[in-house]
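> When you get a sec, could you give me coordinates for this:
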Amino acid sequence: MRKRLTIVVVALVGLALLAAAVIVAVHWWQGRDETTFEQATAYAPPDAERLSWTDWSAVRKRAGAHLDADSSADDVQSFLDDAFDDDLTSASALVQSAPVLQSHFGFSPANAAWELFSQSTQGAVVIIKLTDGSDFDGVGDDLEDAGFTRPTRGDGVWVGGDTLLPEIGADLTPELQYVALDADRGLVLTSDREDYLGQVVDELGQDTVPAPMRSVVSGSGEPLSAAVYDGDNVCSKLAMSQADADDQATADRLIEDAGTVDPMTAYAMSVQPGGDVRAVMAFADDAQARTNARSRATLAAGPAPGQGGDFSDRFSVESATADGDLVTIDLSPTSGSYVFSDLSSGPVLFATC
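As a prediction, the model looks like this:
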């Protein structure tokens, strides 16, 4: 009887291990179909209302920059100047702080694979994926040397605070007051609030970002830089209500001529690898998407009240398509224009609600 029981237990353990292996394999296979942008967004907290994305590995490649944790602060600044000229740095929360980060923190745009900046009314957090092989023990030592208090557990919060940052260097964003390290995932997380950062760390990787935001992220492909808004955020931050009375009156006439403009459930604008800018809009249903593909393409090809001049001075509309409840508008910037950074804040007529 004891021998039979042993065999049964061994068999059950074997089945459990096989099931676990299958689950891991399924997640691995599903992950293969996700872009890096989608994988990063899965780390965003559930209260995210706006996400700002920078693919630092791709930006460095685009600029021909060969940097690492040991590069000089001057070399990092030179790289950022080149990336700025290509309109690839405005989504980052780290640019202003980069030289000091490189010198004192052990991480910066020089050795970040990507950066995701999440903002909401509840709090803000910068999530940074470091390049493979990064020395997290070294990052911890750098933080301790800079004056941060080491946490009692590995995934705890390193405490700096608003009085420490000026002692380390000038131009450090408040989002660097508190830091958490997740070596297993290769992540550094920072925030201006200790309690909020601790909450984000505890909930990390639950992939609870609202479905409409995930949808426009998926539609954005593999962008170098991107800004993503939930419905309420885009309808307040980019709406023509941000414009003065005269521009609002002009916008009303242009919208009436263009046709129906429905509220969006989410919106993303991104810089694509080839340099084009893509706007992806999510709507309540397929019918609204088809209607808005026409009306918003018309608005994107005309005057730009609230921004000045015409949109055609900045870009040409290459295509506008509806697929399900998504509308995708691809824009080709004119030489010297900064379409992404200029139109990531309102008012933007073709993104109004």
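
> switch to C-alpha atoms for all contacts and neighbour counts from now on
OK.

> Strands of the stretch 251-353 of the chain, residue ranges please.
Counting by DSSP state E, counting those that start in this stretch, the stretch 251-353 of the chain has these strands, from start to end: 266-271, 277-282, 315-323, 326-333.

> Need the winner for burial among the ones you listed.
For those, the largest average neighbour count (mean count of other C-alpha atoms under 10 Å) is found in strand 266-271, namely a mean of 29.

> Which secondary structure state does the closest residue to W56 other than its chain neighbours sit in?
Excluding the flanking residues, the one nearest W56 by C-alpha to C-alpha, 6 or more residues apart in numbering is W114, at 4.9 Å. Taken by DSSP: H, G, I helix; E, B strand; the rest coil, the conformation at W114 corresponds to strand.

> Make 37 the first number, not 1, from now on.
I'll keep to 37 as the first residue from here, and by that count the last item is W150.

> Tell me what W150 is bridged to.
Using DSSP bridges, the bridge partners assigned to W150 are K165.

> Wait, it touches I164, no?
Yes: when contacts are counted by C-alpha atoms under 8 Å, W150 is listed as touching I164 (5.9 Å).

> about what we covered before: between the strands of the stretch 287-389 of the chain, which one is closest to G100.
strand 302-307 (17.6 Å; C-alpha to C-alpha).

> Contacts made by the closest one with the rest, please.
Identification of contacts with strand 302-307 by C-alpha atoms under 8 Å, 6 or more residues apart in numbering yields 124, 248-249, 252-253, 256, 259-267, 270, 313-319, 376, 380.

> Can you spell out the domain ranges of the chain, please?
As assigned by automatic domain parsing, the chain contains the domains 75-238, 247-387.

> need the ones you listed in CSV with mean pLDDT, can you?
Converted to CSV, the domains of the chain look like this (pLDDT from 0 to 100):
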stretch, mean pLDDT
domain 75-238, 97
domain 247-387, 97
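
> With distance to D69 as added columns, please give these in TSV.
Formatted as TSV, the domains of the chain follow (distance: least, C-alpha to C-alpha, whole Å):
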stretch	distance to D69
domain 75-238	10
domain 247-387	10
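
> Would you map the helices across the stretch 187-336 of the chain?
Using DSSP state H, counting those that start in this stretch, the helices of the stretch 187-336 of the chain run over residues 201-204, 230-238, 247-255, 267-273, 281-294, 322-336.

> can you put these in JSON lines and add distance to T71 and mean neighbour count?
Below are the helices of the stretch 187-336 of the chain laid out as JSON lines (distance: least, C-alpha to C-alpha, whole Å; neighbours: other C-alpha atoms under 10 Å):
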{"stretch": "helix 201-204", "distance to T71": "35", "mean neighbour count": "14"}
{"stretch": "helix 230-238", "distance to T71": "22", "mean neighbour count": "17"}
{"stretch": "helix 247-255", "distance to T71": "8", "mean neighbour count": "22"}
{"stretch": "helix 267-273", "distance to T71": "23", "mean neighbour count": "19"}
{"stretch": "helix 281-294", "distance to T71": "34", "mean neighbour count": "15"}
{"stretch": "helix 322-336", "distance to T71": "24", "mean neighbour count": "20"}
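
> Could you check these and tell me which one is nearest Y214?
Closest to Y214 of the helices of the stretch 187-336 of the chain is helix 230-238 (C-alpha to C-alpha; 5.9 Å).

> And the contacts of the closest one?
With C-alpha under 8 Å, 6+ apart, helix 230-238 has contacts from 81, 158-161, 191-193, 195, 214-216, 225-227.

> Just the ones of those in strands?
In this view, the contacts of helix 230-238 that belong to strands under DSSP state E are 160-161, 193, 195, 214-216, 225-227.

> Let's have those in TSV, adding distance to T296 and neighbour count.
Formatted as TSV, those follow (distance: C-alpha to C-alpha, whole Å; neighbours: other C-alpha atoms under 10 Å):
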residue	distance to T296	neighbour count
A160	35	24
V161	36	27
V193	49	24
V195	51	21
Y214	46	25
V215	46	30
A216	46	25
L225	42	24
T226	42	26
S227	40	26
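
> quick check, nearest of those residues to A323?
After measuring those against A323 - C-alpha to C-alpha - the closest member comes out as A160, at 35.0 Å.

> ok, for the closest one, nearest residue in space, not its chain neighbours?
Counting by C-alpha to C-alpha, 6+ apart, the residue nearest A160 is S154, at 5.5 Å.

> Can you tell me the SS state at the one you found?
Under three-state DSSP, the three-state class of S154 is strand.

> how many other residues sit next to it?
A count of nearby residues for S154, using other C-alpha atoms under 10 Å, gives 25.

> if I read this right, it contacts L87, doesn't it?
Yes: counting by C-alpha under 8 Å, S154 does reach L87; the two are 4.7 Å apart.

> Of the contacts of helix 230-238, just say which sits nearest to S133.
T226 (12.8 Å).

> Name the nearest residue to that closest one, ignoring sequence neighbours.
V215 (4.4 Å).

> Specify the beta-bridge partners of that neighbour.
The partner residues for V215, given DSSP bridges, come to W194, T226.

> Now for it: which residues touch it?
Here V215 is in contact with 193-196, 224-227, 233 (C-alpha under 8 Å, 6+ apart).

> Widest-spaced pair of those residues?
Of all pairs in the contacts of V215, the most separated under C-alpha to C-alpha is G196 and V224 at 14.7 Å.

> number of nearby residues for the closest residue in space to S133 that isn't next to it in sequence?
Closest residue in space to S133, ignoring its immediate chain neighbours: L208 at 4.7 Å, by C-alpha to C-alpha, 6+ apart. Using other C-alpha under 10 Å, L208 has 20 neighbouring residues.
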